[in-house]
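Undergrad: missing the sequence, but the structure's below:
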């Protein structure tokens, strides 16, 4: 339960940072259009540096929290990266809220699926769900349909 509590607190802090601080608004502007953000007076290089450091810090925290519940082995990072990819893609690329909801769905599916399948195969259920959703809705749950070309 303490891992869930830490995750909720960190999630709320990151959401508040992105929504209410000047640097958070600059981060969203740079993510949307770096050239327009630079022409508006935002130091794009500084924002990229801060976001990289914050991302590394959050990834470290996530790895530590993940390691408290899982067995650490040489494929530890690959398993985690595969689940993150599934969550972000399921929610829709380019939307922070979609990534959150997609990751929440993947996490719940993985834990609940152990009722019916072997715990060693729990990641397969998340990837199967990802494939099924992407067949029906290729842009993800919250992604927007775009025409390219």
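TA: Yes, it's here. Worth saying up front: this structure is predicted, and the values here are computed from it rather than measured.

Undergrad: from memory residue 23 sits against residue 16, does it?
TA: No. Using C-beta atoms under 8 Å, residue 23 makes no contact with residue 16, being 11.9 Å away. Quick note: C-beta positions are derived from backbone N, CA and C, even for glycine.

Undergrad: can you pull out the helices in the chain?
TA: Taking DSSP state H as the criterion, the chain carries its helices at 2-20, 22-32, 34-39, 44-67, 76-91, 96-113, 122-136.

Undergrad: thinking again about what came up before, more neighbours, residue 23 and residue 16?
TA: residue 23 (15 against 11; other C-beta atoms under 10 Å).

Undergrad: what's the closest non-adjacent residue to that one?
TA: residue 50 (6.4 Å; C-beta to C-beta, 6 or more residues apart in numbering).

Undergrad: From residue 14, how far out is that neighbour?
TA: From residue 50 across to residue 14, the span is 13 Å (C-beta to C-beta, to the nearest Å).

Undergrad: just to revisit the earlier point, overlap of the contact sets of residue 23 and residue 16?
TA: Shared contacts of residue 23 and residue 16, defined by C-beta atoms under 8 Å, 6 or more residues apart in numbering, are absent.

Undergrad: Correct me if wrong: residue 124 contacts residue 118.
TA: No. In this structure residue 124 lies outside contact range of residue 118 using C-beta under 8 Å: 9.4 Å.
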